[in-house]
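> Let's see this in three dimensions:
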Amino acid sequence: MVRSLYSGVSGLTTHQQRMDVIGNNIANVNTYGFKASRVTFRDVYYQTSIGETAGTHSFAGNNPSTVGYGVQLGSIDKDMSMSSFQSTNRVLDLAISGDGFFITSQFDGSLLNADPDTGMLADPYNVPPKSTTYTRMGNFSIDSNGNLVAGANTFVLGTCNSDEGLALVGDESAAILDTLTITSGRNTEGDNEEEGDVFSSDLTAANIINIEELINQAYAEDLEDTEKWLTYADLSAFQIGKDGVITVTYNSKMKAIARIELATFDNQEGLIEDGNTSFLETAASGVAKIKKPGDSGAGFTQSNKLEMSNVNLAQEFSDMIVTQRGYQANARIITTSDSMLEELVNLKR
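Predicted coordinates for the structure are as follows:
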């Protein structure tokens, strides 16, 4: 009889945990890029009351008889399926039509020592990220220093087409950008399949996309006889293609300056939440593989759109009702077991 009490307590605990997950899902129904979770239960070990025996010509056999000890939390699984997109009128809003993630990093400010004359990093290839996270929420912006950012102190990483400091010296066409890959901490020319896989460990400060520096380098000839420093506001057009390539237009000249890279994982469900709708790689997820938008498994980027939460409210409210009834039923186990124990105690009176 005491075992039934403990079974009831285990039921209350696990159903409360399930309710916590449901509550978090419903709270984030309007959070862009949010991925819902679900709870599964498992039964607890059993005590064998009667052991099994095999049948013979003389006697029939019998099956084992066991008594369980309640329920326990089995797992909290993430639903990483892609949700629908909401259209916006903002070019810096991005969604991914595939399994890829945007790469966002923070850097140790003491290591980002810029040249006081040029403002360029002395050797960005030797500055690794302090932390790197992965997100599906692409509501990006350009900060006061001209960097493409995903939030406070969080840079969006990619491949840059610049003359110095940030990436390989190259031509200004998107075709050349398509051949740039991140390998061994540097942007190099070469085919990704020939060079081998590119991983999160290859990322450095060289992959920070500084829009202002890139456009001033791209239009250096136009600005040669002036002291003008271009900003995002000076551009007549700013576009991000489905291949992640950022193209800008100034003085009627269109040029490609950078490409936003994506990360894929062998096991997306192995990622762990880091808050701010971001994830961290784990041993279960595998190391992040860096790919161009359009590469196998990565998907394409879509500008002027944001991915909505994949929370299914109808399912969540149904699960809430079932969870509530399960909690009530387990509470009834405790009260009923208590009544039976009280009757047993009163037998002696």
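> quick one, strands of the stretch 101-250 of the chain?
Assigned by DSSP state E, counting those that start in this stretch, the stretch 101-250 of the chain shows strands spanning 101-106, 131-135, 138-139, 141-142, 148-151, 154-156, 158-160, 180-183, 186-189, 237-240, 245-250.
> right, and these - which one's nearest Asp222?
Counting by C-beta to C-beta, Asp222 lies closest to strand 245-250 out of the strands of the stretch 101-250 of the chain; the figure is 7.1 Å. Bear in mind the C-beta positions are built from the backbone N, C-alpha and C, glycine included.
> Just checking the distance from the closest one to the centre of its chain.
From the chain centre to the centre of strand 245-250 is a distance of 27 Å (C-alpha atoms, centre = their mean, to the nearest Å).
> so where do the helices sit in this structure?
In the chain, the segments counted as helices under DSSP state H are 2-27, 174-178, 192-195, 211-218, 313-346.
> Out of those helices, which is the most enclosed?
Highest mean neighbour count among the helices of the chain (mean count of other C-beta atoms under 10 Å): helix 211-218, with a mean of 24.
> Please find the angle between the direction vectors of that helix and strand 245-250.
70 degrees (axes from the mean of the first three to the mean of the last three C-alpha atoms, to 10 degrees).
> among the strands of the stretch 101-250 of the chain, which gets the worst mean confidence?
Here the lowest mean pLDDT among the strands of the stretch 101-250 of the chain goes to strand 186-189, at a mean of 50.
> quick one: contacts for Ile246?
Residues near Ile246 by C-beta atoms under 8 Å, 6 or more residues apart in numbering: Gly158, Ile209, Ile211, Phe238, Gln239, Ile240, Ala256, Ile257, Ala258, Arg259, Ile260.
> Now with 7 Å, please.
Counting by C-beta atoms under 7 Å, 6 or more residues apart in numbering, Ile246 touches Ile240, Ala256, Ile257, Ala258, Arg259.
> Bridging across strands, which residues link to the nearest residue to it once chain neighbours are set aside?
Nearest residue to Ile246, sequence neighbours excluded (C-beta to C-beta, 6 or more residues apart in numbering): Ala258, at 4.7 Å. Beta-bridge pairing for Ala258 (DSSP bridges): Cys160, Ile246.
> give me the number of residues near Ala258?
As a burial measure, Ala258 scores 30 neighbours (other C-beta atoms under 10 Å).
> Much appreciated, bye for now.
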